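**Student:** Sequence below, structure please.
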Amino acid sequence: MQAATLRSPIPNPNEDPDADLLRALRSEDPYVCRRAIRAAGSRRIEAAVPVLIELLTREGGHLQREAALALGQILD
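**Tutor:** Got it, this is the predicted structure:
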């Protein structure tokens with residue numbers, strides 16, 4: 001079991017405000033990843049595009065549809 005990483009509740013002004021979402025897109029937990037994909041699409045986060053493209057080609061593909069929809073929202 002991995003220890004949880006504690007993050008400061010005070011935002012770091014030097015960190016990208018979308019950094020947590022971008023990390024969540026790479027999560028091994030499909031529920032976390034799916035929520036991050038949907039958030040990236042609805043918030044039109046262009047920095048998520050490379051990761052979403054990777055998800056389109058990921059083996060297993062259960063998140064491919066979500067990634068395609070998010071890309072459509074971002075690039076529309």
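
**Student:** Could you list the low-pLDDT ranges of this protein?
**Tutor:** Along the chain, the parts satisfying pLDDT under 70 run over 1-15, 60.

**Student:** Please report how far the residue nearest the centre of it lies from residue 58.
**Tutor:** Central residue of the chain (C-alpha atoms, centre = their mean): residue 25, 2.7 Å from the mean position. Using C-beta to C-beta, to the nearest Å, we find residue 25 at a distance of 11 Å from residue 58. In this view, the C-beta of every residue, glycine as well, is placed from N, C-alpha and C.

**Student:** got it, and residue 45?
**Tutor:** For residue 45, the distance to residue 58 - C-beta to C-beta - is 19 Å.

**Student:** which one of these two has more residues nearby?
**Tutor:** Shown here are residue 45 and residue 58; by other C-beta atoms under 10 Å, residue 45 has more neighbours (22 against 12).

**Student:** who's in contact with the closest residue to the more buried one other than its chain neighbours?
**Tutor:** Leaving aside its chain neighbours, residue 45 sits nearest to residue 18 (5.3 Å; criterion: C-beta to C-beta, 6 or more residues apart in numbering). If you count contacts by C-beta atoms under 8 Å, 6 or more residues apart in numbering, residue 18 has them with 43, 45, 47, 48.
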